[in-house]
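Engineer: sequence and predicted structure below; questions after.
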Amino acid sequence: MDLNQPKIVIGITMRVIEPGILKERMDALDQEWFSFLHRVLPEAVLVPIPNHKESARQLIQATGMNRLILSGGNDWGSAKERDETETLMVEEAKQNGWPVLGVCRGMQVLNALHGGKLETQIKEQSGEEHAGTTHTIRLTANQIFPELMEDEITVNSYHRQGVMVSGLGKDLEAFAFSPSGVIEGFFHKKYPILGIQWHPERKNPAAGFDQKLLAQFFRQTQGWASCR
């Protein structure tokens, strides 16, 4: 670990659940995120973000947060407190120039926040099954991750909502597509914002690609525009 490098403090959002008889609303995060990021970025600190805007603001100041992950779970619009907290966190990230990774739901949130459209039943639109399966995706050449691009990889898939090319948000550029053209990955043209539809923290055929992608993305210290 290089002690001269800036400290990496990654805030990660949590899903809202209502377990048990009482149906208490709780925030939850898959423990695999800690294991995965420790392998990929052992120097990083991971900070779970509660779905409460004022507490999220306090955590930013208290921890020196400088990276953000929007995790999976909950459809956009199904948990108001989470939608509000993630909207706030993306605004903070853009103002401060933090790298932002959206995973599954997180990618969909980023698309919605940039004026894009979400298809609630992606199977009906694409004819492909995307819930609880694996499938290939096609990666296109781009200036952000030129050395990582491969022609095709196989990824896990756990989503029913999704993004079609016609519904891509403003200033977002797709770089990964399913066989029928569902968008599986995009980045923002101006800000260090990356969205992927698969789950890198779960068992995934593309684990090696994921580790290289996230390590490069979160370790960057130069401005996003300089990569283009």
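Structural biologist: Arrived safely, thanks for sending.
Engineer: got the contact list for the helix or strand of the chain with the lowest mean pLDDT?
Structural biologist: Lowest mean confidence among the helices and strands of the chain (mean pLDDT, DSSP states H and E): helix 122-126, at a mean of 73. Helix 122-126 is contacted by residues 119, 128-131, 159-162, 164, 178, 180-182 when judged by CB atoms under 8 Å, 6 or more residues apart in numbering. Using the backbone N, CA and C atoms, a C-beta is placed for each residue, glycine as well.
Engineer: which is the next helix or strand following that helix?
Structural biologist: Past helix 122-126, further along toward the C-terminus, the next helix or strand under DSSP states H and E is strand 131-139.
Engineer: which residue is nearest the middle of the protein?
Structural biologist: Centrality entry for the chain: nearest residue to the mean C-alpha point is residue 102, 1.5 Å, by CA atoms, centre = their mean.
Engineer: wasn't residue 86 part of a helix?
Structural biologist: Yes. The assignment for residue 86 is a helix, going by DSSP: H, G, I helix; E, B strand; the rest coil.
Engineer: that one - how many residues pack around it?
Structural biologist: Residues near residue 86, counting by other CB atoms under 10 Å, number 28.
Engineer: what's the answer for residue 50, then?
Structural biologist: Considering only other CB under 10 Å, residue 50 is surrounded by 16 other residues.
Engineer: residue 182 versus that one, what's the distance?
Structural biologist: Going from residue 50 to residue 182 by CB to CB, to the nearest Å gives 32 Å.
Engineer: which residues does the residue nearest to the centre of the chain bridge with?
Structural biologist: Judged by DSSP bridges, the bridge partners of residue 102 are residue 70, residue 195.
Engineer: check contacts around the residue sitting furthest away from the middle of the chain.
Structural biologist: Ranked by distance from the centre of the chain (CA atoms, centre = their mean), the top residue is residue 21, with 31.5 Å. Counting by CB under 8 Å, 6+ apart, residue 21 makes contact with nothing.
Engineer: how about the secondary structure of it?
Structural biologist: Remark: residue 21 carries the secondary structure label coil [criterion: three-state DSSP].
Engineer: and the pLDDT for it?
Structural biologist: Per-residue confidence for residue 21 comes out at a pLDDT of 92.
Engineer: from residue 19, how far out is the residue nearest to the centre of the chain?
Structural biologist: In this structure, residue 102 lies at 25 Å from residue 19, with CB to CB as the measure.
Engineer: show me where this structure has strands.
Structural biologist: Assignment of strands within the chain using DSSP state E yields the ranges 9-13, 15-17, 26-28, 45-49, 67-70, 100-103, 131-139, 152-158, 172-177, 183-188, 193-196.
Engineer: so which of the ones you listed is nearest residue 202?
Structural biologist: Of all these, it is strand 152-158 that lies closest to residue 202, at 5.8 Å by CB to CB.
Engineer: looking at the sheet around residue 136, what are its partners?
Structural biologist: On the basis of DSSP bridges, residue 136 takes part in beta bridges with residue 154.
Engineer: neighbours of it, how many?
Structural biologist: A count of nearby residues for residue 136, using other CB under 10 Å, gives 15.
Engineer: enumerate every residue touching it.
Structural biologist: When contacts are taken as CB under 8 Å, 6+ apart, residue 136 is in contact with 152-155, 178-179.
Engineer: out of those residues, which is nearest to residue 195?
Structural biologist: Closest to residue 195, out of all of these and judged by CB to CB, is residue 155, at 13.3 Å.
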